[in-house]
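Participant: Got a sequence here, can you model it:
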Amino acid sequence: QVDLVESGGGLVQAGGSLRLSCQVSGRTSSWFFMGWFRQAPGKERYFVAAISWNGDRKYYTDSVKGRFTISVDGAKETMYLQMDDLKPEDTATYYCAGRPLPPLNPEGPYDYWGQGTQVSVSP
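Facilitator: Numbers count the residues shown, from 1 in each chain. Model (predicted):
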């Protein structure tokens with residue numbers, strides 16, 4: 001059983017930064033692939049970024065390129081999302097997701113999901 005637990009959300013002013021963490025437990029695959037998604041109130045959940053476990057492949061949705069950085073610390077079994085120059089439109093619940101093998105499409109599908117962490121950006 002793989003469990004994912006997010007942390008690091010909060011309230012920040014526009015232009016500020018936050019770093020989200022996703023702690024992974026129960027991972028057995030060396031090819032584990034992970035992603036970040038976000039869902040704003042009343043909207044669907046959307047892809048934000050994805051990364052292979054060894055970090056050699058990274059993907060971003062266009063709206064966060066140049067502002068967000070995804071990374072993995074294998075020793076800590078943790079994935080991160082460094083979010084800089086945050087904008088009010090980044091306000092959402094952020095979810096981490098994982099799967100045992102890389103998908104054909106980094107947007108999914110994923111087998112495991114965290115419970116989410118709230119990010120709120122004020123103007």
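Participant: any idea how far Ser71 lies from Tyr60?
Facilitator: Here Ser71 is placed at a distance of 12 Å from Tyr60 (Cβ to Cβ, to the nearest Å). No exception for glycine: its C-beta is placed from N, CA and C like everyone else's.
Participant: go on, Gln82?
Facilitator: 12 Å.
Participant: Ser71 and Tyr60 - which one has more neighbours?
Facilitator: Shown here are Ser71 and Tyr60; by other Cβ atoms under 10 Å, Tyr60 has more neighbours (19 against 14).
Participant: List the residues that are in contact with both of Gln82 and Tyr60.
Facilitator: Phe68, Ile70 (Cβ atoms under 8 Å, 6 or more residues apart in numbering).
Participant: Wait, Gly26 touches Leu4, no?
Facilitator: No. Gly26 lies out of contact with Leu4 (Cβ atoms under 8 Å); the separation is 9.3 Å.
Participant: mind listing what Ser17 touches?
Facilitator: Gln82, Met83, Asp84, Asp85, Leu86.
Participant: For the residue nearest the centre of the chain, which non-adjacent residue is spatially closest?
Facilitator: Centroid-nearest residue in the chain, with Cα atoms, centre = their mean: Trp36, separated by 2.4 Å. Nearest residue to Trp36, sequence neighbours excluded (Cβ to Cβ, 6 or more residues apart in numbering): Val48, at 4.3 Å.
Participant: Equivalent analysis for Tyr110, please.
Facilitator: Distances taken as Cβ to Cβ, 6+ apart place Ala97 nearest to Tyr110, at 3.7 Å, with adjacent residues excluded.
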